[in-house]
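S.K.: sequence first, then the predicted structure:
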There are 2 protein chains.
Amino acid sequence: MRKLIERVFLGGVTRDAADMDDGAAIPVGDKWLIVTTDSHVIQPIVFPGGDIGRLSVAGTVNDLAMMGATDPLGLTCGIVLEEGFAIDELERLQASIRTTCEEAGTTIVAGDTKVMHRGEVDGLVINTSGVALTRRVVRDRGLQPGDAVIVTGTVGDHGMAVMAARHQFQFEEALRSDVAPLNGLIRAALNAAGTGITAMKDPTRGGVASALHEMAEKAGVSILLREDAIPIRPPVRAAAELLGIDPLFIANEGKALIGVRPEYANVLLRVLHAHPLGRDAAIIGSCLAEMPGTIMLDTGFGRRLVSEPDGELLPRIC
Amino acid sequence: MRKLIERVFLGGVTRDAADMDDGAAIPVGDKWLIVTTDSHVIQPIVFPGGDIGRLSVAGTVNDLAMMGATDPLGLTCGIVLEEGFAIDELERLQASIRTTCEEAGTTIVAGDTKVMHRGEVDGLVINTSGVALTRRVVRDRGLQPGDAVIVTGTVGDHGMAVMAARHQFQFEEALRSDVAPLNGLIRAALNAAGTGITAMKDPTRGGVASALHEMAEKAGVSILLREDAIPIRPPVRAAAELLGIDPLFIANEGKALIGVRPEYANVLLRVLHAHPLGRDAAIIGSCLAEMPGTIMLDTGFGRRLVSEPDGELLPRIC
């Protein structure tokens, strides 16, 4: 339904819908103003590793960062609340928003609040938009044959933690969302590899599989992944196996996929490993010219196609 | 509740909460980047004279314009939909958004869609944020003693039309919302009166009374209104009398309050009258140094204090 809506609705109103990225790039002087927006409807609003406040700030900071804009000028915060929402819970979310803003070196510069009657909205919805200037825009469509594909850390943590919290699954080891603002990590990556970085995207809804499909389709390349190179935390792997879910399809909120020219791959990996949010970064595959738009997985026993998720695995995951 | 939330919540996270205006002004080169955000929860989503799509675009364009930024670089549009929302209704809202954007000379540059289950959100919620550059920021706090206070047209049209639509009141003459993007009108006003314009604000939630209270308090002036000078359409006046509601407390979505140095008041009024959206513009009062923060109404029989609305007259009016 989301894809249908985006085609029907945003297709008719956005400036260049066919060309949509995580945000818009508008020329301002000799720079680009990056503008992004995201609504957050996650349920439950507090989950292991984070809450809707942290998610809102990190999500918007990350959308800016994925386009090369790692120094936000500021974020906006529009809140729609259900009447009777507890003020102390609101204060905790406020603290979480403030802490995450500090972590990302930004602030909320404008806000708006609307209240709906009880039963008209489930708890609260937060919209965050972000603005940032950058000299160079990194697109999600820039992959070239030969590029290495790097993921900045373990896969599937956010979606699995939220699913476990929602359904109160009991697992031996704690599952925790990876939600975090990545602009510091991406700043380090861009400083190290510069124009060697050809494309970036954060694998949120639909996970790594969905993000790579979009990147490959837009760029007209295929991507060959090495299954054993994909970092997955043991409790996430165990939970995914138990539930029969492919970790590649699970949402992440603190990870980036980076396409990089092969000669820059190792230096980039070293820089990522030196950052607290990139310790588990790995080269998980490479881009090929043949069969554009496809994602293949080398399992060690052969290759299989990775399908494109045809919907959200979980509603209200972000 | 809104005021409490804004104090509790936004007070802790925004850069300069005490200094909040309709948007933020961020220095960029030799200009200011204005950033605004608004969530729209109006019910019903289609009402006489407009719909939630037109309201969303006009509301954000107007917030930018009130700060002196009459040429939006672009808007973002974040939609939260209830599962099962009719696609043809969505298409009509899309057309409305597109038309209103064209009217304002802008586009939606970035969008996001989230779907909630049936019963988790009532219909749809739209958040729009806007960005624009301006060389001069007009603040809502700039009023000075001696300033004339102008309203750009009739008062109370939006709130009364929505109230009538919601409760299916039958009145002889049709009530219609005034929802419209004002950036063209404000551009003409700024071209005519320049720095003679000391303050602007659009009287949305809480109406003219609420907006003037905020302007007077921030500026440390009082405002004396002349009741017979306030333009009100006869059907709005009739409906307000019938319902016992003061039109000064009713929301507008296509009007601005403008503070102007007295020597510029008449030239500004002529320019407003020449614009289709300013034909009913009127000087409704003036600013005084005494009793700062108060709004007085000269009824022709004497003066009375205009109270500050201590809540929303109508929930989900915008």
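M.R.: Great, that's in hand.
S.K.: hey, let's count contacts and neighbours off CA atoms from now on
M.R.: Will do.
S.K.: for the residue in the stretch 151-300 of chain A that chain B sits nearest to, which non-adjacent residue is spatially closest?
M.R.: In the stretch 151-300 of chain A, the residue that lies nearest chain B is residue A:205 (10.7 Å; CA to the nearest CA). Nearest residue to residue A:205, sequence neighbours excluded (CA to CA, 6 or more residues apart in numbering or on different chains): residue A:251, at 4.9 Å.
S.K.: the one you found and residue A:157 touch, don't they?
M.R.: Yes - counting by CA atoms under 8 Å, residue A:251 does reach residue A:157; the two are 7.5 Å apart.
S.K.: of these two, which one has the most company?
M.R.: For residue A:251 and residue A:157, the more surrounded residue by other CA atoms under 10 Å in any protein chain shown is residue A:251, and the numbers stand at 32 against 27.
S.K.: quick one: contacts for the more buried one?
M.R.: By CA atoms under 8 Å, 6 or more residues apart in numbering or on different chains, the residues touching residue A:251 are A:156-160, A:203-208, A:317.
S.K.: what about these, which are in helices?
M.R.: Judged by DSSP state H, the subset of the contacts of residue A:251 located in helices is A:157-160, A:207-208.
S.K.: widest-spaced pair of these?
M.R.: Pairwise distances across these (CA to CA) peak at 13.6 Å, for the pair A:160 and A:208.
S.K.: overlap in contacts of the two?
M.R.: A:250-251.
S.K.: name the element the nearest residue to residue A:246 once chain neighbours are set aside belongs to?
M.R.: Spatial nearest neighbour of residue A:246, chain neighbours left out: residue A:240 (6.4 Å); criterion: CA to CA, 6+ apart. Taking DSSP states H and E as the definition, residue A:240 sits inside helix A:234-243.
S.K.: that helix packs against which elements?
M.R.: Judged by 3 or more CA pairs under 8 Å, 6 or more residues apart in numbering or on different chains; DSSP states H and E, the packing partners of helix A:234-243 are helix A:157-167.
S.K.: and the pLDDT at the residue nearest to residue A:205?
M.R.: Looking at residue A:251, its pLDDT reads 96.
S.K.: measure it to residue B:33 for me?
M.R.: According to CA to CA, to the nearest Å, residue A:251 stands 33 Å off from residue B:33.
S.K.: my guess is residue A:228 contacts residue A:297, does it?
M.R.: No - Residue A:228 is beyond contact range of residue A:297, at 9.7 Å (criterion: CA under 8 Å).
S.K.: neighbour count for these two, which is higher?
M.R.: Under the neighbour definition other CA under 10 Å, residue A:228 and residue A:297 were set side by side, and residue A:297 has more, 18 against 12.
S.K.: leaving out sequence neighbours, find the closest residue to that one.
M.R.: Take residue A:297 and drop its neighbours on the chain: the residue closest to it by CA to CA, 6+ apart is residue A:225, 4.7 Å away.
S.K.: now name the helix or strand holding the one you found.
M.R.: Residue A:225 belongs to strand A:222-226 when assigned by DSSP H and E.
S.K.: avg pLDDT for the helix or strand harbouring residue A:35?
M.R.: Using DSSP H and E, residue A:35 maps to strand A:31-40. Per-residue pLDDT over strand A:31-40 has a mean of 96.
S.K.: and it, what other elements does it pack with?
M.R.: Strand A:31-40 sits against strand A:24-28, helix A:52-66, strand A:124-134, strand B:72-82, strand B:108-116, with contacts defined as 3+ CA pairs under 8 Å, 6+ apart.
S.K.: out of the ones you listed, which comes closest to residue A:255?
M.R.: Closest among these, once you apply CA to CA, is helix A:52-66, at 8.9 Å.
S.K.: quick one, the closest one and strand A:108-116 angle?
M.R.: When axes from the mean of the first three to the mean of the last three CA atoms, to 10 degrees is applied, the directions of helix A:52-66 and strand A:108-116 differ by 130 degrees.
S.K.: what angle do helix A:52-66 and strand A:24-28 make?
M.R.: Going by the same axes, to 10 degrees, helix A:52-66 makes 60 degrees with strand A:24-28.
S.K.: geometric centre of chain A: which residue is closest?
M.R.: residue A:202 (3.2 Å; CA atoms, centre = their mean).
S.K.: what's the pLDDT at that residue?
M.R.: So, for residue A:202, pLDDT stands at 97.
S.K.: for residue A:237, give me its contacts.
M.R.: By CA under 8 Å, 6+ apart, residue A:237 lies in contact with residue A:247.
S.K.: for residue A:216, same thing?
M.R.: With contact set as CA under 8 Å, 6+ apart, residue A:216 has these partners: A:141, A:143, A:222-223, A:292-295.
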